[in-house]
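> task: produce atomic coordinates for the following.
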Amino acid sequence: MRRGLAGQRLVAAFLAGTLLFNYPVLSLFDRLETAFGLPLLYVYVFAAWAVLIALIAWVVERGAR
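Numbering: from 1, shown residues only. Now for the predicted structure:
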């Protein structure tokens with residue numbers, strides 16, 4: 001039962017990543033503004049990427065217990 005739940009969470013993380021890196025969402029951050037001296041789009045892409053990696057690591061580690 002636990003493996004099925006972890007699998008469902010990984011599918012949800014995949015769908016969230018697909019949504020986060022889809023064109024309409026990326027176009028929201030394609031502006032001339034900067035954050036921390038970097039273009040806003042770059043900051044968004046790397047932050048979303050880091051959050052997805054952390055989410056997947058959490059799901060996998062939690063499922064291993």
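
> only C-alpha atoms for contact and neighbour calcs from this point on.
OK.

> contacts only, for the residue nearest to the spatial centre of the chain.
In the chain, the centroid-proximal residue (CA atoms, centre = their mean) is L52; its distance is 3.2 Å. L52 makes contact with 13, 17, according to CA atoms under 8 Å, 6 or more residues apart in numbering.

> let's see it at 10 Å
L52 makes contacts with 13-14, 16-17, 20, 46, 58, as judged by CA atoms under 10 Å, 6 or more residues apart in numbering.

> just the buried ones from these?
Neighbour counting with 16 or more other CA atoms under 10 Å marks 13, 17, 20 as buried within the contacts of L52.

> in the helix or strand containing L26, what's buried?
In this assignment (DSSP states H and E), L26 forms part of helix 23-28. By 16+ other CA under 10 Å, helix 23-28 has no buried positions at all.

> re earlier: could I get the contacts of L52 as JSON lines with distance to A35 and secondary structure?
Shown next, in JSON lines, are these (distance: CA to CA, whole Å; DSSP: H, G, I helix; E, B strand; the rest coil):
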{"residue": "A13", "distance to A35": "26", "secondary structure": "helix"}
{"residue": "F14", "distance to A35": "27", "secondary structure": "helix"}
{"residue": "A16", "distance to A35": "23", "secondary structure": "helix"}
{"residue": "G17", "distance to A35": "22", "secondary structure": "helix"}
{"residue": "L20", "distance to A35": "19", "secondary structure": "helix"}
{"residue": "F46", "distance to A35": "12", "secondary structure": "helix"}
{"residue": "W58", "distance to A35": "27", "secondary structure": "helix"}
